[in-house]
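Chemist: Please find the sequence and the predicted model below.
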Amino acid sequence: MTEKALAAEGHVIIKTDEYTLHADTAEVDLDNNVAQLRGHVVIEGNNQRTEGDSLWINLDTQAWKIERQATKVEPQFFTEGVEEPLYLGGREGDYDPATDILKVLDGEGTSCDLPNPHYDLQSKQITVHPGDYVTFEKPSLYLLGHRIFRYPFNLTMSLKERQQSILPEFGRDDVDGYYLKLALLYMLAPNSTGVLRLQETQLRGLGLGFDHALETPHHTLGFSVFDEPSQGALSTRVNDTWRMSQSLTSEFSNSYQANSGYSASSSTMSNDLTFRSAEASSDTTLGFTQSMTDSDSGSSGRFGSTFSHSQRLGSRTTWNLRSTYTRATFSGSEANQDEELSEEFELRHQANAFDLDFAMSNQQDLSQTSAGGFYALNRLPFLSLTTDSRKLGGWKAFGRAYTKMTLEMGRYTEEPDGTQVSRLSWTGDFGGSEYSLGPTTKARTTVRLRQSFYDDGDAQYSGYFDGQLRHQITKTWTEQLTYDYTATRGVSPLRLDYGGQSNETRVSFARVVPDRSRFTIDSGYDLISGQFFDIRALGELRTSEHLYLRMQTSYSIQLGQWYPLVLKVTQASAHSYADFTINYDLAQQQLTTVSADTDFRFGPWWRLEFVGSYSGFTHQIDQADVRLTRDLHCMLGQISYSTYPRNFNISIGIKAFPGLERALGIGGNGAYLPSAGGGTVY
């Protein structure tokens, strides 16, 4: 040891802010604060472990270089996208904390931890960008120690893109027939990456396309192209976000699709352009949309523009301005154009004792064709004042009812009738809070009153009452009685004020044992129609922490018949899940449908999933989706089959870079196919 250097032998341990270093020998340059370690070298930290023969590290910057290295990178090293450790070996490894990039020279990469890995990618240089992607420079793919092929380009495995593969996907469906599909990532530059899509299908022929993304300090650009020459099918898509300044951005999108390989040819193009400005006290948006469709049966087009501005005047006042213009044209129709313009202005102010709202709106049918059933309610102008108990210092009507009152004044024009009228109205809401009538009884009442006057001499009055009484009969039994009443009197020239009526009462009984069971039954009576509501019954039972039962049905007093019985059985444990729903028609004494959703794991390697439904009317399976998954240590193999749409698929994926897992069900979205028949379910 000297004043400028330190040396150590044996089991040497050096700790820094980020890493713990192990070696047989170590030398530290105190002037430059760098260390050289030799022998069995291990560097641990930052969710990675690297072993090698010789290590150089800058103790200030944490940059390091290691020779003849083997690195294990844990999933936590990446911000997302990696679910298994990566094992990188090579002649030399370099890590630069300034760019947060790890480079491995003359290396091989795999996520298989076996001495002889199932697969690996061998490359002159492997570059790891945490949270973004891993790039292999023109790698060779080895399976079970045998070289399969060499990629003619750099292979990039994205940590964000969920639709990627290094092995093709094979299957069969009704649209493509037998198919072979492959999605490969590529990188033209660190900020210019994409996905190359290749497919060969039995019925549609060759398909070729790409999705490309370009990132610059001010632009985010994405564009996609996919072509099926034998089908005359081409689709393109462009998306661009331009950050012009800190407050001003623009967004542009374009899509085009053409098909000529079917019985009828068609083409569709759409464009959207939006400018946005976000300042400290205002937000402004200006947007344009345009679309065109041409087909053998006709053509159509649509154009629209929208302008909106929101201005904040302090903390209590805001005003908003909005204008929208739309024009639609259609060929082959008598009313071949629809053109509308709408403008709206709103001002809102929050005072201590009230809220003030002022508005003006006008919507016009410029084409004068009333295509599409044009309707508009124009306010020229409208003013409202609203206050409540909170703004009135806690004042409550009758000393106990929470109160909210609104006064409205406005001039209205209703189209297409051409009705013009002024209206003055008052609305009062009272109550809504729950209060106690004793140790086991609680009540809640709500009242709404509304009075409107019109300058043509008409007037209208409406009232609404809702009451609820809940009584705890025993520790587990509860009774609830509700009553609703709505009435409207007088005449209104505006559709806006059309009101209905109701006069009904309902009663329900419930028995609840927490975390164990629940049973409810309810019905009611409509005093206007003089008819009873259906009796509804629902029972739930949890027999154990793994088994749940639910049963529900209803009975029509008016029709004197039962509605279908629905029974749901759910079983869940650490290694299995099964959910069955059975519908049984009590009136016809017939099984109508059975739906099932199951997921079973057989040991550590096998998983079987099923989604399906059976119709008791057709005595056939309406839908069946089955997927069998085999854990191949570092890979996952899947075989799946679907009856609707009919599809058979075989795929193998790497666990470290998971693709987009397709949900079982209609369209791969986990949806059930509804069976024929059935009945009312509450």
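Modeler: Great, that's in hand.
Chemist: what's the spacing between the lowest-mean-pLDDT helix or strand in the chain and its chain's center?
Modeler: Sorted by mean pLDDT, DSSP states H and E, the helices and strands of the chain end with strand 155-158, the least confident at a mean of 70. Put simply, strand 155-158 sits 26 Å off its chain's centre (C-alpha atoms, centre = their mean, to the nearest Å).
Chemist: Please apply the same query to stretch 515-535.
Modeler: 36 Å.
Chemist: sorry, back to before: helices and strands around the least confident helix or strand of the chain, which ones?
Modeler: For strand 155-158, the packing partners by 3 or more C-beta pairs under 8 Å, 6 or more residues apart in numbering; DSSP states H and E come out as strand 133-136, strand 177-189. Backbone N, C-alpha and C define where each C-beta goes, glycine included.
Chemist: Most tightly packed of the ones you listed?
Modeler: Burial of the helices and strands packed on strand 155-158 is given as mean neighbour count (mean count of other C-beta atoms under 10 Å); strand 133-136 ranks first at a mean of 24.
Chemist: Can you add distance to S282 and give the helices and strands packed on strand 155-158 back as TSV?
Modeler: As requested, those are exported to TSV (distance: least, C-beta to C-beta, whole Å):
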stretch	distance to S282
strand 133-136	39
strand 177-189	38
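Chemist: can you list these in JSON lines and add mean pLDDT and distance to L377?
Modeler: Putting these into JSON lines (pLDDT from 0 to 100; distance: least, C-beta to C-beta, whole Å) gives the following:
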{"stretch": "strand 133-136", "mean pLDDT": "80", "distance to L377": "54"}
{"stretch": "strand 177-189", "mean pLDDT": "80", "distance to L377": "51"}
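Chemist: ok, back up a step: for the following helix or strand past the least confident helix or strand of the chain, name the packing helices and strands.
Modeler: Past strand 155-158, further along toward the C-terminus, the next helix or strand under DSSP states H and E is strand 169-173. Using 3+ C-beta pairs under 8 Å, 6+ apart, the elements in contact with strand 169-173 are strand 177-189, strand 646-654.
Chemist: could those strands go into TSV alongside distance to S462?
Modeler: Below are the helices and strands packed on strand 169-173 laid out as TSV (distance: least, C-beta to C-beta, whole Å):
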stretch	distance to S462
strand 177-189	61
strand 646-654	56
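Chemist: which stretch among the helices and strands packed on strand 155-158 comes nearest R147?
Modeler: For the helices and strands packed on strand 155-158, the distance to R147 is smallest for strand 133-136, at 14.2 Å, taking C-beta to C-beta.
Chemist: Need the contact partners of the helix or strand just after the closest one.
Modeler: From strand 133-136 onward toward the C-terminus, using DSSP H and E, the following helix or strand is strand 140-143. With contacts defined as C-beta atoms under 8 Å, 6 or more residues apart in numbering, strand 140-143 is touched by H118, Y119, D120, L121, Q122, S123, R147, I148, F149, R150, Y151, I166.
Chemist: So which of these is the closest to F533?
Modeler: I166 (61.3 Å).
Chemist: Does L494 touch Q420 like I think?
Modeler: No. Between L494 and Q420 there is no contact under C-beta atoms under 8 Å: 10.2 Å.
Chemist: Looking at these two, which one has more neighbours?
Modeler: L494 (18 against 14; other C-beta atoms under 10 Å).
Chemist: Return the distance of that one relative to S554.
Modeler: 39 Å (C-beta to C-beta, to the nearest Å).
Chemist: go on, Y641?
Modeler: Taking C-beta to C-beta, one finds Y641 at 37 Å from S554.
Chemist: Now do the same for R390: helix, strand or coil?
Modeler: coil (DSSP: H, G, I helix; E, B strand; the rest coil).
Chemist: cool, and the one 4 residues further on?
Modeler: G394 carries the three-state label coil when classified by three-state DSSP.
Chemist: Now it. Its backbone dihedrals?
Modeler: phi 90, psi 10 (degrees, to the nearest 10).
Chemist: same question, I557
Modeler: phi -70, psi -40.
Chemist: D31 - that's part of a strand, no?
Modeler: No. Assigned with three-state DSSP, D31 falls outside any strand and is coil.
Chemist: Per-residue pLDDT of the nearest residue to T387 once chain neighbours are set aside, please?
Modeler: Of all residues not flanking T387 in the chain, F354 sits nearest, at 4.4 Å (C-beta to C-beta, 6 or more residues apart in numbering). Looking at F354, its pLDDT reads 94.
Chemist: Over to R68?
Modeler: Reading off the model, R68 has pLDDT 80.
Chemist: what's the burial count for it?
Modeler: Neighbours around R68, by other C-beta under 10 Å: 15.
Chemist: got the contact list for it?
Modeler: By C-beta under 8 Å, 6+ apart, the neighbours of R68 are G52, D53, S54, R91, E92.
Chemist: now for those, which pair is the farthest apart?
Modeler: Among these, S54 and R91 lie farthest apart (C-beta to C-beta), at 11.4 Å.
Chemist: Could you tell me which residues touch both of those two?
Modeler: E67, R68.
Chemist: And these two? Which one has more around it.
Modeler: Neighbours were counted for S54 and for R91 using other C-beta under 10 Å; S54 has more, 16 against 13.
Chemist: Look at Y641 and S554 and report which has more neighbours.
Modeler: The residue with more neighbours, out of Y641 and S554, is S554; 23 against 15, by other C-beta under 10 Å.
Chemist: Please pull up the helix or strand immediately following the helix or strand hosting that one.
Modeler: Assigned by DSSP H and E, S554 falls within strand 547-556. Using DSSP H and E, the helix or strand that follows strand 547-556 towards the C-terminus is strand 561-562.
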